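*Asks:* Curious how this folds, go ahead:
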Amino acid sequence: MTGFSDSAQAMSLVAFSTVATITLLLCVMTGPDRDDLDEFYTGYSSLSPMRNGLAIAGDYISAATVLGTGGVIALYGYDGVVLALSTALSLMLLMFLLAEPLRNAGRFTMGDALARRMPGRGVRMTACVVTIAALLPLMLVQLAGTGQLLAFILGFSGDSLKTGCIIGLGAMMISYAAIGGMKGTALIQIMKIVMLLGSGAVVAVLIMSRFDWDPGALFDTAAEKSGVGSAFLQSGLEFAGSPHPRLDMISAQLAVVLGGACLPHVTMRMYTASSARQVRRSMSWAVSSVVLFVLVITVVGFGATALIGRAVIAQEDPQGNTAYLLASRAAFGADVSTAETLLFTTVTTALFLTLLASVAGMILACANSLAHDVFAARVHEMSERREMMLARLSALAVGVPAIVLATLVQHRSLQPLVTLSFCLGASAIAPALVYSLFWRRYTRTGLLCTLIGGSLVVVLLMPGTNLVSGSPFSAFPEADFNWFPFTTTGLVSIPAGFLFGWLGTLASGRRKSEEQRRQYEAVESWILAGAVRKGG
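*Replies:* Residues are numbered from 1 along each chain as shown. Here you go, the predicted structure:
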């Protein structure tokens, strides 16, 4: 039931090669044809709301989200559905609270949005460090997952082949970011989300048809095949081994809801909209796409358990990352026709494209921040040609270490890295954006305290969680230095991030706070209403 036929493997390999060639060609064709920063960083804001919205959804739904969320639903049922809904809620929070002010305050990077009120190299450099710190773990997960996914689909098991896949595809992803810029990567994101949702919807329809279009029958069969009965359809299964299961679940949901949509590769898409109205319309498309994805992944996740059984899924991968593919294969039944093999190839190609597009977007966000916030900020009047060259070299500077690190961590559990990224987004980036966009008295010291303090709390607490050690599924199962009794750091680090910002502002003194209040009032109409879009 879990094996893939030779024809499916051969077809997948041909499809992967074709997609890689076509996407690279598209990047070359749509990339900037001259040294223009607006074209490289924002694509001239020329994407329509629908295309920009699909690109936002493409950046937001990473391979880790598809495979990881599908796995959690397949292994833990109800808790996985809550996680999937949290991802949709996170994007809705961005849409209603931060999207328009971000677009109005920023120009190219998160550093621009933060430096609108508090100019200075210190703010920009800290923003760049936090951007890279938040996205690098996610990049490692996607790159390391590339080797595992291709090995699983194509049926090879050699470590050297997996490492070769990581290096080869990593080089391609650097090329996408360096050559295509914002417009080129947006095109790949749009292709990816259309293929992912289209193929996923077909698989979901096939699964529902196996259960006579009765969701109740699907859920009941999944609960029966899970081996845990009705607990599969109730809250708490995922965190059953935790000393504080309810608090652990709340902590995890907080990290996803606050952190997911604040990650820099998602927020950078806000700057590609030409007006506040365009941001709203783009976000409507993005949220609709993500809600559709949640429906698809819920059906596919439950379908995997109902058709294959929880034990088989866990045996293939303890984290359940192969559940999405196993469900797609099982949906066809024992006899697979040529058309069904073709459909399965489409599913695997969509996942392959998801891996490529996700990392390309993250590399671009890090490269843009490095070039614009660090190098260009050092020179008062840097030429556009030189900054473009630096942005492309920055893609290489970020991508190469990511590839090397991914080859080193590929045999470990990668869940701590995903959690680390979301916790940094929720504990450092989210408080900094909320305070700087809406709090009049927020000072430069408060901003630096938020970014640095929130990040440090996450980095200090994360090694003590049970994802890193102390359980059979942790990154270091042979060790046990599990002193923090939660899966994520959110319950402590998120309040700490906000608290550091408040204390830092308080420590700045009344005079600084009043000064910041006057500066904020001077730009308030730009930030909140988009009266003027100011450069720089």
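
*Asks:* Would you mind identifying the next helix or strand past the helix or strand harbouring residue 402?
*Replies:* Following DSSP states H and E, one finds residue 402 within helix 384-409. Next along the chain after helix 384-409, taking DSSP H and E as the criterion, comes helix 415-424.

*Asks:* Give me the helices and strands touching that next one, please.
*Replies:* Using 3 or more Cβ pairs under 8 Å, 6 or more residues apart in numbering; DSSP states H and E as the contact criterion, the secondary-structure elements in contact with helix 415-424 are helix 63-76, helix 121-154, helix 245-259, helix 444-461. In short, each C-beta sits where N, CA and C put it, glycine included.

*Asks:* ok, residue 256 touching residue 83?
*Replies:* Yes - in this structure residue 256 lies within contact range of residue 83 using Cβ atoms under 8 Å: 6.5 Å.

*Asks:* more crowded one of these two?
*Replies:* Neighbour count, other Cβ atoms under 10 Å: between residue 256 and residue 83, residue 256 has more, with 27 against 22.

*Asks:* distance of that one from residue 76?
*Replies:* In this view, residue 256 and residue 76 are 14 Å apart by Cβ to Cβ, to the nearest Å.

*Asks:* cool, and residue 288?
*Replies:* In terms of Cβ to Cβ, residue 288 sits 27 Å off from residue 76.

*Asks:* Comparing those two, which shows the higher neighbour count?
*Replies:* Neighbour comparison, residue 288 and residue 76: the larger count goes to residue 76, with 26 against 14 (by other Cβ under 10 Å).

*Asks:* Excluding chain neighbours, what is closest to the more buried one?
*Replies:* Across the structure, with Cβ to Cβ, 6 or more residues apart in numbering as the measure, the residue nearest residue 76 apart from its sequence neighbours is residue 238 (4.0 Å).

*Asks:* And that neighbour, what's its pLDDT?
*Replies:* According to the model's per-residue confidence, residue 238 sits at a pLDDT of 86.

*Asks:* check which helix or strand covers it.
*Replies:* If you go by DSSP H and E, residue 238 is not part of any helix or strand.

*Asks:* Is it in contact with residue 249, as I believe?
*Replies:* Yes - at 7.4 Å, residue 238 counts as touching residue 249 under the criterion of Cβ under 8 Å.

*Asks:* Find the residues that touch each one of the two.
*Replies:* Residues touching both residue 238 and residue 249 comprise residue 79, with contact defined as Cβ atoms under 8 Å, 6 or more residues apart in numbering.

*Asks:* re the thing from before, which parts of the helix holding residue 402 are buried?
*Replies:* Judged by neighbour count using 16 or more other Cβ atoms under 10 Å, the buried positions of helix 384-409 are 387-388, 390-392, 394-399, 402-403, 405-407, 409.

*Asks:* three-state assignment of the nearest residue to residue 517 once chain neighbours are set aside?
*Replies:* Nearest residue to residue 517, sequence neighbours excluded (Cβ to Cβ, 6+ apart): residue 440, at 4.5 Å. Secondary structure state of residue 440, per DSSP: H, G, I helix; E, B strand; the rest coil, is coil.

*Asks:* burial measure for residue 440, as a count.
*Replies:* The number of residues near residue 440, taken as other Cβ under 10 Å, comes to 14.

*Asks:* Renumber starting at 10 from here on
*Replies:* In the new count, where the first residue is 10, that last one comes out as residue 449.

*Asks:* tell me the pLDDT at it?
*Replies:* Residue 449 carries a pLDDT value of 88.

*Asks:* For residue 31, see how far away it is.
*Replies:* Here residue 449 is placed at a distance of 50 Å from residue 31 (Cβ to Cβ).
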